[in-house]
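[1] predicted structure and sequence below. I'll ask about it afterward.
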There are 2 protein chains.
Amino acid sequence: MTNLGLPVPPGFTVTTEACRRYLATGDQPPGLDDEIDAHLARLEAERGKRLGDPADPLLVSVRSGAKFSMPGMMDTVLDVGLNDDSVHGLAAAGGERFAWDSYRRLIQMFGTTVLGIEADRFEDALAEAKRFNGAERDVDLDPAALRDLVAAYQRIVRAATGIDFPQDPREQLDMAVRAVFDSWDSDRARVYRRQERIPEHLGTAVNVMAMVYGNLGPDSGTGVAFTRDPATGAPGVYGDYLTDAQGEDVVAGVRTPVPLAELERLDAASYRELRRIMALLEEHYRDLCDIEFTIEHGRLWMLQTRIGKRTPAAAFRIALQLVDEGRISVEEALGRVTGEQLAQLMFPQFDPEAKPEPVAVGVPASPGAAVGAAVFDSDGAWHPGPVILVRRETSPDDLPGIIAAAGVLTSRGGKTSHAAVVARGMGKTCVVGAEDLQIDYARKQFTAPGGIVVREGDTLSIDGATGAVYLGAVPVASPPVVEYFEGRLTREQRRSDPVVQAVARMMVYADERRRLGVHANADTPEDAARARRFGADGIGLCRTEHLFLGERRRLIERLVTAVSDDERDAVLAELLPIQLGDFTGILAAMDGLPVTIRLLDPPLHEFLPDLTDLSVKVALAEERGEADADDVRLLAAVRRLHEQNPMLGLRGVRLALAVPGLAAMQVRAVALAAAARIRAGADPRPEIMVPLIGGTAEFELVREEIRRVLDEVAAETGIALDVRIGTMIELPRAALTAGRIAAHAEFFSFGTNDLTQTTWGFSRDDVEGSFFPVYLAKGVFADSPFEVLDEEGVGRLVSIAVEEGRAVRPDLPVGVCGEHGGDPASVRFFDRTGLDYVSCSPFRVPVARLEAGRAAAAAKTGEADTR
Amino acid sequence: MTNLGLPVPPGFTVTTEACRRYLATGDQPPGLDDEIDAHLARLEAERGKRLGDPADPLLVSVRSGAKFSMPGMMDTVLDVGLNDDSVHGLAAAGGERFAWDSYRRLIQMFGTTVLGIEADRFEDALAEAKRFNGAERDVDLDPAALRDLVAAYQRIVRAATGIDFPQDPREQLDMAVRAVFDSWDSDRARVYRRQERIPEHLGTAVNVMAMVYGNLGPDSGTGVAFTRDPATGAPGVYGDYLTDAQGEDVVAGVRTPVPLAELERLDAASYRELRRIMALLEEHYRDLCDIEFTIEHGRLWMLQTRIGKRTPAAAFRIALQLVDEGRISVEEALGRVTGEQLAQLMFPQFDPEAKPEPVAVGVPASPGAAVGAAVFDSDGAWHPGPVILVRRETSPDDLPGIIAAAGVLTSRGGKTSHAAVVARGMGKTCVVGAEDLQIDYARKQFTAPGGIVVREGDTLSIDGATGAVYLGAVPVASPPVVEYFEGRLTREQRRSDPVVQAVARMMVYADERRRLGVHANADTPEDAARARRFGADGIGLCRTEHLFLGERRRLIERLVTAVSDDERDAVLAELLPIQLGDFTGILAAMDGLPVTIRLLDPPLHEFLPDLTDLSVKVALAEERGEADADDVRLLAAVRRLHEQNPMLGLRGVRLALAVPGLAAMQVRAVALAAAARIRAGADPRPEIMVPLIGGTAEFELVREEIRRVLDEVAAETGIALDVRIGTMIELPRAALTAGRIAAHAEFFSFGTNDLTQTTWGFSRDDVEGSFFPVYLAKGVFADSPFEVLDEEGVGRLVSIAVEEGRAVRPDLPVGVCGEHGGDPASVRFFDRTGLDYVSCSPFRVPVARLEAGRAAAAAKTGEADTR
């Protein structure tokens, strides 16, 4: 901003290089001290004041300056240079109240961020001071009260650290610089970087700037501005302003600010100047900018600017506005939105018909509809099921809770408060500033108007679009973007919704550019139909086991526990017409498009009662002399079939080989369904996929049986079927022997979930609540490899299999049907590796289409950033 | 033999090529029929008889001729060409009894092998005929009785197949040839080939030979001869002879033959000629030969010869005899023995002091001492725990039972009976011809002299060295070869035992030649000491979890269920001195040699009570109002720690990262133990191994902690420790990222068991009783990949890791500590892949030394056969 000629307070920067060396060695790099001295001397000369001069002190702010915005994550210390002497000098220049208020801010910020004292201790003292003095807001405290507060703060520092608050201004500066460096390595910053995929090694710079004061009275203030509306993407003035305050007051949400537009009334000149600068900055950054400013006695100062965070809706709209304004290309626009953002736009909303009276209405800070159990801190966020984190305001310490929560509700703060910014960045529903709620952390409850008490665990619903807070679970409805994909919007409705318009246009751009096909994982006719509406090019995975949920589960239970061939064959005979019906429906829904049907795959115990539960039930029944013969028989079967590690047991192709007639029954159902569709003049395109093979021998055996049944059905029906037979590649050994497998298999589909399980040797069922949190905290993973494909390990196997499979069968179709099909980095990897398609759940199909388009656009622009 | 000028009945051979084409297409190759006609015409001309000529029929035998001996596995049909007419012609030439006996043999053999009729149906008819005629042996049946028997057999054929026994001799021949072809593909032959590692694709030839008759009266007979004693390896005449019999009678064990030496008395000329031919054959084959012959009216005919099966003891002795006789090189001698044979020589024997009176004594047919539950058929062999298969005689149908059994006991047959030959080949203990036992299949019991009844499930002990059969479990003692390795034999004892001498000499040859080091998997000071006595070059794997069995298990239970840091630290403090003691003992036992200590590895549930059992216990106790607070608390912990797939859960390095202080405690114990040993003037060489890493990040974190503790202990003790820190490579991802791991790890050790589990995606715990039998039966595996390393999949990962690890760290030591370290094919693979050592259990150390020597010898001679 200095280079753009904008009014920035003078200062200097300690580089990221110094930070990285400090973090590596634990010491300030040699020479840094002298450099800071020299810069400081220049700054003092420019301002005509000396740092901490008792008569007229120069004060500085010490802020982090990282490459990527990490709002609230990095430490900032304002008013550095104040001490028991210079506070009087400052009072002489700006008044008693201002000076003591600044001093207590310094001690409070320095105490928490540099000395690591719990923020509550200062907050409690402040609350006590307000109570004692009958002050409602902190600005209502008079100089004497503030002086007492400073003394109280100093006692807190002494009690907590054993040292006095440092009086040497230069020592304050050094400690603050180191604290900013250290904050790069704090747990909360690591967590945030992982969440946002910011590289760990970057480090942070430190900006030391001469203080300008927003807390010099009614003609001063501080604010945050956005160049477009980061919530809706609408152009225009957007932001918050707080009179007689320092910057931290706005983002900390301690007082509720006024909308930025109010500034025009309060200080028209500064407002005009700010608008001019906002236009300049957006021109420069070619994107939405997020600006912090301070007005000191009517003079505007720019403190900081960054590319602004925005909601998903805003991301789509702004990217296309920028295209239309000629500032960025379509490829760049695709880079400005993510599949995850699109997914957020597809999150359900509350059913407008079903909304009850809200118990409170706060500020809508991040859209969406969240329903969950109320919890009051990060620990509570591990409550089973979705939760709503309820806080007075949030601080970086609440980050784990925000990540875990479905939504965030605060009783203080505005749209630019910590809670709002962080939740928006993560696409979590967020309502802030619901001031009617009295939150009691100690009792883990809040009281709403009318004396309604909500305790931890009670269900809440919060509406991020309106700010409404409801008791109980409010029914949710489909959002407009989903209605659009479903084809349920009229032309008029489409036109009148700018978000739908933006998404529709972006999808066209993505589809025009993408090389990867997008198939769906769909198991029922209903899913198949939806997948087709959502733009799927076919079904990449029909999990036949999912056809056996609910009542039908009993059939598989009977199949598995059959003790004679006759009994088993009888169950298979019952299953055949059911499967025939299923497949007919799915083929009808996907007429003309490929439908890849996977033979029964999962561990059989999934279809059996839990061994422990049933054992207890039978033991108790026997104890009471009420043993049920069926239960006893079933228990014997469950014991017989019990496996120590079902993921590594009898499943996949092993079932097809170990349970005679099972695969044949399924193939017969597929073939009969296809033949009936052909006879009806339709165009069914079933493919049969064999799961979990380890090598070519298993595949050949099953393929032979499949071919036999297909030939039988062709002979019976007189209808020749062209059914491709392929295989999942989901075990390391299958990938390692893919060349030989490709000699027999007509297509490959990577099951990246299973492949990740076996390549890493951990199961998703077991590790996410076990050592995964430790691994994420220690940085072993940047992301769960179940969410973002592990390119180095699992990806290497994928590459080997594609390369060696295609060496044998050059036109081998290769897809992926794991959950990685919707992750941007993973999709980009699959695109690069030459896969033909990704397959994902119907709801993720638009997401994957967008990501596939983004991957193609990124390949074109050479853009490497996968965020 | 024909080429050697030996007296072989004239005949011709249908090639393996024809077999392979037949098996591939299901049809006789075109032209084969004409060729057989031409050969047959030549044979008829040579013998001056026509096949099946009613007046004077040429009869032929139809035998398989496979590359590798598969005794009893492949079908043979004798006397082909007989029918209701030619039987009279044969009677005119050889007498009524001979002719009708031959005809009933043809129908019986043809019926069972070609037409697939159950052997019992013919056996029952034969038994009935003997009973009806008051005949004790089949030779006691007179011509009229045999004629009736033929009629009865023909009725059996008609009833079982709906067709008459074929009367056309040429049709008989064609069907017999096809049956021999088909027998290559029979389940029993597949099972045998898998067991013996004979390639599936070879196929069998068919030898059609003019019949010579051993059943022409007292000057005729048939026998089996070995050129050296296949049981002990002693030189000399060895075999069985049966007067007035056809070849199948000897190997089927129907009558008990006389020792071959008796032939000298019965027919001195034939005996001399046989001895001459035996010498000639051994000269030709440069190995022990197994010969089938027939004497027809005093004329010796050679029917078949093959390299003979032998006991492990004989294999060692014969190989060295051949070296000493200058017939083979030392390298070849190493190829003539296997590690598995050495292992068999190390199997326990019955304690000579503790043997009770035997209930019966049979013929010792294959050495060893077997204790197990009596079972009477292959189905019973799946009885839990070791079993002894008890049969009157065995047939190829009993093969699954023999494979599953610890030992085989029969009431009929001699040392060359089916049971004896097969058991010897597999190294199973076997006693045959225990004629005092009355075996009742229907009741699944046998009666021994004195009316003692032994039922299925009763424990038996059989001594393959003496033929003794004992009731109950007889204590076993250490065999001489083990006593030798233990260093407990005097010089005199060593010299007087030819087997010990042979083994000792072979070990010298192996050690002189081997490139691979042999380390031991040893977890206690006792194991370590034994490993050293058995020739280990160090400890490749000390599993620290094995130090927590028995009473100590409670400590780990407490560690795992600790709910506070204090509680956990208290347990760790208790563990430290215990581990210190363990490691001190192990380092003392292995002074001067490397000891690789692995950090705690196994899934924690192994140290906890079973969830289901404990749930039932608590539920029942609560029902009775007797709930135990400790149990309830423990159940909560077990539930909390329960994993769906413990093999894929919290274990290995994950424990080190998730349980603070655990790794540090173990490393501290190692370091303190080593420091104490150094202070005592010893030479401890501990290394620390991190288990189950998936990539470099995990390893670096743990390595940092290990280094920290080592430095701490060095500072505390003033003794600098040089402890290498390396890692297991036991997950596909570790192998795939080995290059990066090698930048930090100072050695690699492949855990091929775990690597096999994850590469294939099945756990050893779950699959061996589940789909593995199906997979082995269907030929998906030739061997369990847990026994023979899967070179294509797991081996490829090993190769990748070795290559990429050494590219980064050229002197990286690489070993293997899975159970594949004792398997010959696997050892050869590890040798070829450039590993530095294999590590195996102390008892397998000599086996691995031998295999390593064999691998080196094979590499030298270019020998590819890994059997």
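    Okay, I see it. Numbering: from 1, shown residues only, chains lettered A, B, ... in the order given.
[2] OK, contacts around residue A:163?
    Contacts for residue A:163 (Cβ atoms under 8 Å, 6 or more residues apart in numbering or on different chains) come out as residue A:157. (Each C-beta comes from the backbone N, C-alpha and C, glycine too.)
[3] can you check residue A:673 too?
    Neighbour list for residue A:673: A:580, A:583, A:584, A:587, A:684, A:686 [criterion: Cβ under 8 Å, 6+ apart].
[4] check residue A:682 too.
    Going by Cβ under 8 Å, 6+ apart, residue A:682 touches A:587, A:588, A:591.
[5] drop anything exposed from those.
    Using 16 or more other Cβ atoms under 10 Å in any protein chain shown as the burial test, the contacts of residue A:682 include A:587, A:588 as buried.
[6] between the contacts of residue A:682, which is nearest chain B?
    Closest approach between the contacts of residue A:682 and chain B, by Cβ to the nearest Cβ: residue A:587, at 30.6 Å.
[7] quick one: what helix or strand has the closest one in it?
    Taking DSSP states H and E as the criterion, the element that holds residue A:587 is helix A:565-589.
[8] can you name the next helix or strand after that helix?
    Using DSSP H and E, the helix or strand that follows helix A:565-589 towards the C-terminus is strand A:594-598.
[9] tally of neighbours for the closest residue to residue A:405 other than its chain neighbours?
    Spatial nearest neighbour of residue A:405, chain neighbours left out: residue A:389 (4.1 Å); criterion: Cβ to Cβ, 6 or more residues apart in numbering or on different chains. Using other Cβ atoms under 10 Å in any protein chain shown, residue A:389 has 30 other residues around it.
[10] wasn't residue A:389 part of a strand?
    Yes - under DSSP: H, G, I helix; E, B strand; the rest coil, residue A:389 sits within a strand.
[11] do you know how far it is from residue A:341?
    Distance, residue A:389 to residue A:341, by Cβ to Cβ, to the nearest Å: 22 Å.
[12] returning to what we had before: how about the contacts of residue A:673 in a markdown table, adding pLDDT and distance to residue A:477?
    Converted to a markdown table, these look like this (pLDDT from 0 to 100; distance: Cβ to Cβ, whole Å):
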| residue | pLDDT | distance to residue A:477 |
| --- | --- | --- |
| A:580 | 95 | 36 |
| A:583 | 96 | 32 |
| A:584 | 96 | 32 |
| A:587 | 97 | 31 |
| A:684 | 97 | 35 |
| A:686 | 98 | 35 |
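[13] ok, back up a step: partners of the residue nearest to residue A:405 in the sheet?
    With DSSP bridges applied, residue A:389 shows beta-bridge pairing to residue A:375, residue A:408.
[14] contacting residues around it?
    Applying Cβ under 8 Å, 6+ apart, the residues near residue A:389 are A:375-378, A:380-381, A:398, A:401-402, A:404-405, A:407-409.
[15] for residue A:500, same thing?
    The contact partners of residue A:500, by Cβ under 8 Å, 6+ apart, come to A:480, A:481, A:484, A:489, A:493, A:494.
[16] of all those, which comes closest to chain B?
    residue A:481 (36.4 Å).
[17] helix or strand right after the helix or strand bottoming out on mean pLDDT in chain A?
    Across the helices and strands of chain A, mean pLDDT, DSSP states H and E gives its lowest value to helix A:247-252, namely a mean of 70. Under the assignment DSSP H and E, the closest C-terminal helix or strand after helix A:247-252 is strand A:258-259.
[18] show residues contacting that next one.
    By Cβ under 8 Å, 6+ apart, strand A:258-259 touches A:239, A:240, A:241, A:242, A:243.
[19] which of the three states applies to the fourth one?
    What it means is residue A:242. What three-state DSSP gives for residue A:242 is strand.
[20] for it, which non-adjacent residue is closest in space?
    Distances taken as Cβ to Cβ, 6+ apart place residue A:257 nearest to residue A:242, at 4.1 Å, with adjacent residues excluded.
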